[in-house]
Structure formats: C-alpha cells, structure tokens
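Asker: Take this sequence and fold it.
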Amino acid sequence: MKKGSTFAVPGLVGALTGAGLFMALLGDGWWDTLAWVGMGIAAGLSIRGLMKRRG
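Answerer: Residues are numbered from 1 along each chain as shown. The predicted structure is shown next:
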C-alpha cells in the first residue's frame, strides 16, 4: 500500500471485519474458521498500528 494513502489500512480492516462477520453468519465448520481468520487479521493489523504509534 502507498504510504500516503490515509484510508487504505482502515478500509482493509473494515472490509476484513465485515467479511468475517458475514462468514460467521453463513454456517458452521469452515465458515467459522474463515470468520476467525478474517477478524483475527483485522485485529492484528489494528494492534500492530497501535504498537507502532506508541513505540
């Protein structure tokens, strides 16, 4: 992603979270796994941004 892009990372986090929530509604099994992965990546990106800002 370009360094000057202000809304790229928040947009990616929002899209991953939305996709994860949608997949959680679809069913059990692999859908739940994909939901956890999608929302986990979004949470990881958010935490990485917080740590980068504080450090």
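
Asker: Tell me how many other residues surround residue 42.
Answerer: Burial of residue 42 is recorded as 19 neighbouring residues (other C-beta atoms under 10 Å). Quick note: C-beta positions are derived from backbone N, CA and C, even for glycine.

Asker: Isn't it up against residue 16?
Answerer: Yes - counting by C-beta atoms under 8 Å, residue 42 touches residue 16, with 4.0 Å between them.

Asker: So the residue nearest the centre of the chain, which state does it fall into?
Answerer: The residue lying closest to the centre of the chain (C-alpha atoms, centre = their mean) is residue 42, at 1.9 Å. What DSSP: H, G, I helix; E, B strand; the rest coil gives for residue 42 is helix.

Asker: so which strand or helix has residue 24?
Answerer: Residue 24 is part of helix 8-26, with elements assigned from DSSP states H and E.

Asker: what's that helix packed up against?
Answerer: Counting contacts by 3 or more C-beta pairs under 8 Å, 6 or more residues apart in numbering; DSSP states H and E, the secondary-structure elements packed against helix 8-26 are helix 30-54.

Asker: what angle separates the helix it packs on from helix 8-26?
Answerer: Between helix 30-54 and helix 8-26, the angle comes out at 160 degrees (axes from the mean of the first three to the mean of the last three C-alpha atoms, to 10 degrees).

Asker: which helices and strands sit right next to helix 30-54?
Answerer: Applying 3+ C-beta pairs under 8 Å, 6+ apart, one finds that helix 30-54 contacts helix 8-26.

Asker: Now residue 7: phi and psi?
Answerer: Note on residue 7: backbone dihedrals following degrees, to the nearest 10 are phi -100, psi 10.

Asker: what about it, how many neighbours?
Answerer: Residues contacting residue 7 under the criterion other C-beta under 10 Å number 8.
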